[in-house]
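In: Pasting a predicted model and its sequence here:
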Amino acid sequence: MSLKSQDWQQEQARVDDVTKQIRAKIRSLEETTSETKSEMVDIRKNFWDDVTVNFEDSAEMAETFASLKQQAEILSERERTHRHSALQLRTLKKLKSSPYFGRIDFVENEEEALDQVYLGIASLRDHNDEGYLIYDWRAPIASLYYDYPPGPAVVETPIGSISGELKLKRQFVIRDGEIRSMFDTGVTIGDELLQEVLGKQSDASMKSIVGTIQKEQNRIIRDERSRLLLVQGAAGSGKTSAALQRVAYLLYRFRGTLNADQIVLFSPNPMFNSYVSTVLPELGEENMQQTTFQEYLMIRIGKSFKLENPYAQLEYALTAMDEPDYNVRMAGIQYKASTHFVALIDQYLVHLGSGGLVFRDIAFRDEIVVSAVEIHDYFYAIDRNIAIPNRLRLVAEWLLGQLRERQKAALKEEWVDEAVELLDKETYLKAYQIVRKSNRNIRDDSFDDFDRERELLGQYVVSEEFKPIRSRLRKLAFVDLRAAYLSMFRDPAFAASLLEGTASAELPAEWQEICAWTIDKLMNRVMPYEDATPFLYVVERIRGFQTNTLVRHVIIDEAQDYTAFQFAYMKRLFPFSRVTALGDLNQSINAHTASDGLTGFSALAALYPAEETETIVLRQSYRSTRPIVEFTSQLIPGGEGIQPFNRDGVKPTLTVAGNTAELHSRIVERIQKLNGEGNRTIAVICKTAAQSAQVYEALRNMLPIRLIERETSTFAPGIVVIPSYLAKGVEFDAVLVYDASDHAAAGYRLERERRLFYTVCTRAMHELHLFVSGSGQISPFIPGHSLTLSLKEV
Ligand SMILES: Nc1ncnc2c1ncn2[C@@H]1O[C@H](COP(=O)(O)OP(=O)(O)OP(=O)(O)O)[C@@H](O)[C@H]1O
């Protein structure tokens, strides 16, 4: 028997033994869970039998309460145990099929004994509870597997570093308890295994990569020191994957102190959320909070304004070139995204400290109780060293006092009599209870005495009338926040005067028009996307920042699409949080990055001290085949630095069709072929939503096709038509670029569309097909010489 097959047999014997032990654990756990479950059902069923309920007097009531509490505690304890066991069971069942994916043999320096460590998605102790049959991939020792080739190696543990020698590094593919493949690997983690994983058709949800994490990715996953971890990585280099394994790692490393709901992932859209939501449960962890920045903005200002969606803004940037305001708006978008605008607002806020805040009258039944002018004078009479939000709180106290006086006077007014008479029975009873609760010296017979009843009900009626005003005062609604924001734009010379003597950059040339445009929108209660964050910033600076102090880790994926302004805002929003930002400047699609793609990302780095920041660059691209990466890397400057993973495949093709009808039939033919070859996710990527809708209409009778819109919240296998910007972050087995011409509206011509084109083409895992129809010229981004890459297939 060859050494290899002997090894294989020994390993299979070990797998058999481990799976046997896992099965035994599953059996015993199933027994206990079913016991706990029937106990829970029993408790729920007999809940009221085991509780002594008696409300006769206060002592009995207290006893009833105690008895209820005890019963509820028993139930929730059982529920906790049950939840825990169910989680354990889920993990064990996963381990049963594939208990581990790697093995390392390590000898510590100065020691004889060899540690044989098997790595899987979770730890497993042997039946005597003496040693580990499987180590969790996140355990310190597991780092050796990801970081070193066989030879000298150092492992960092919480108690210090341990040096030694890695004698063996072995990889397995185990399915249903059978070793399917096994290799001993050298420098990088198994090219063979990666080949296999990456060669597969995608199944529309992201997979965990724990078995094949690469060294650079491991640095991202295990970073514990940085306040800001910045990851700049090529398309398909595993940024999102690394981010998600990082969450799993942090939950393991800080278990007991860090919960899944203390981690927030900001992703580009709801569909992306659905795409990545399977990874953590696959690893036996709960999902972190997932949201989008738009969702946050919606919660904060969606009720007061018609808030524009970022994709609508982008659609405008891509299609509205002929509109008269186009250039003004684009200049506004760029300026409002920048830290220059943050600086302008900061200057403006200093100014507001000594004058300029606009207040609203406090009125009661159309009569002014305290006028805006009085509030203004009161506010500006307060010591100016006190911050604006604190001064506003003092004003609110004062106003509440004024309101109390007015409320007292109102008791004797005629309208109160009328209101009391008009009370319906239900309200009357409610009033009675409330008055009784808040007025201890009321006797039961108080309501028998007419005058007394009138007085008490009057108190109720008046208090109810004043309630909304009180609540508005507490929310500081006496400050006109929209006016506060717009005042900056009212007089175009005003902003320039604020910047005088500061080092801030000048205002954009179109400032006057930007001012008029902004006022027009906000006065009509429309909140353009570019104004939403600056507006909220002004609001928060005036009313005091509503920070989220619970969140410990903020992860920002597709970070290149955030503005410098948004990053500055988020830093304030999550003051106690570490930030992991992952992005690719070459995929910046937002309008604000039109002139310099660097704004947001580099501004983020400037927000944190250099010594607390770690930057990791990922150059290797895993998603696409070598021919696709060779093509896409020519689309962008500096693309030669992107290293394709050595996976073969067919070269991208370019099809030029004579007219639209021919184009569609060529696309249908191609999709049918791709489908027949087993590709499970196929996307026809259009530039805009409008174009996607047209193409969908044209193709829907010929193919089982789905249209992805910005509200689409699930990512499913099949054939889809999707606008370019929604395809960000996700991937497809095959991509068909609907219009790769230089057509201004539908194709890719302008320099600022280069990155969008790159983003679109890099979504392809196995096949990429470009189409041009009619008289259209090929997009100038497709390098002439790349046609020699047999791109042309006419
Ligand atoms: N170490 C790895 N092992 C196996 N697969 C990997 C690894 N790293 C990345 N991949 C695969 O490569 C593909 C791209 O990964 P991912 O989406 O995380 O990249 P990305 O950098 O976020 O891409 P983009 O910026 O283009 O959206 C995914 O299919 C992922 O599973």
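Out: Everything's here; your move.
In: which ones are touching the closest residue to residue 709 other than its chain neighbours?
Out: Nearest residue to residue 709, sequence neighbours excluded (Cβ to Cβ, 6 or more residues apart in numbering): residue 689, at 6.6 Å. Quick note: C-beta positions are derived from backbone N, CA and C, even for glycine. If you count contacts by Cβ atoms under 8 Å, 6 or more residues apart in numbering, residue 689 has them with 311, 315, 709-710, 723.
In: distance of residue 689 from residue 93?
Out: Distance, residue 689 to residue 93, using Cβ to Cβ, to the nearest Å: 42 Å.
In: So is stretch 608-616 next to the ligand?
Out: No. Against the ligand, stretch 608-616 shows no contacts by Cβ under 6 Å from any ligand atom, the least distance being 11.8 Å.
In: Just the buried residues of that stretch, please?
Out: For stretch 608-616, the neighbour count (16 or more other Cβ atoms under 10 Å) marks 608, 613-614, 616 as buried.
In: From start to finish, how long is stretch 620-631 in a straight line?
Out: Stretch 620-631 has its terminal residues 15 Å apart, counting by Cα to Cα, to the nearest Å.
In: gap between it and the chain center?
Out: From the chain centre to the centre of stretch 620-631 is a distance of 27 Å (Cα atoms, centre = their mean, to the nearest Å).
In: just stretch 127-136 next, same as before
Out: Centre-to-centre, stretch 127-136 and its host chain are 36 Å apart (Cα atoms, centre = their mean).
In: With stretch 500-509 instead?
Out: 34 Å.
In: buried stuff in it?
Out: Buried residues in stretch 500-509, defined by neighbour count with 16+ other Cβ under 10 Å: 504, 507-508.
In: residue contacts, residue 284?
Out: Counting by Cβ under 8 Å, 6+ apart, residue 284 touches 87, 90-91, 94, 121-122.
In: could you measure residue 74 against residue 82, distance?
Out: Look at residue 74 and residue 82: by Cβ to Cβ, they are 13 Å apart.
In: For these two, indicate the residue with more neighbours.
Out: Set side by side, residue 74 and residue 82 show more neighbours around residue 82, with 18 against 15, by other Cβ atoms under 10 Å.
In: How much space separates that one from the ligand?
Out: Using Cβ to the nearest ligand atom, to the nearest Å, residue 82 is found at 34 Å from the ligand.
In: quick check, that residue in a helix?
Out: Yes. Assessed with DSSP: H, G, I helix; E, B strand; the rest coil, residue 82 lies in a helix.
In: Point me to the residue of the stretch 51-200 of the chain nearest the ligand.
Out: Proximity of the stretch 51-200 of the chain to the ligand (Cβ to the nearest ligand atom) peaks at residue 197, 4.9 Å away.
In: Let me see the mean pLDDT of the helix or strand containing that residue.
Out: Using DSSP states H and E, residue 197 maps to helix 191-199. Helix 191-199 carries an average pLDDT of 76.
In: returning to that earlier point: ok, now how distant is the residue nearest to residue 709 from the ligand?
Out: Distance from residue 689 to the ligand, by Cβ to the nearest ligand atom: 20 Å.
In: got it, and residue 765?
Out: Applying Cβ to the nearest ligand atom, the value for residue 765 to the ligand is 7 Å.
In: quick one: the strand or helix carrying that residue to helix 191-199, angle?
Out: Counting by DSSP H and E, the secondary-structure element that holds residue 765 is strand 764-773. Comparing the axes of strand 764-773 and helix 191-199 via axes from the mean of the first three to the mean of the last three Cα atoms, to 10 degrees yields an angle of 40 degrees.
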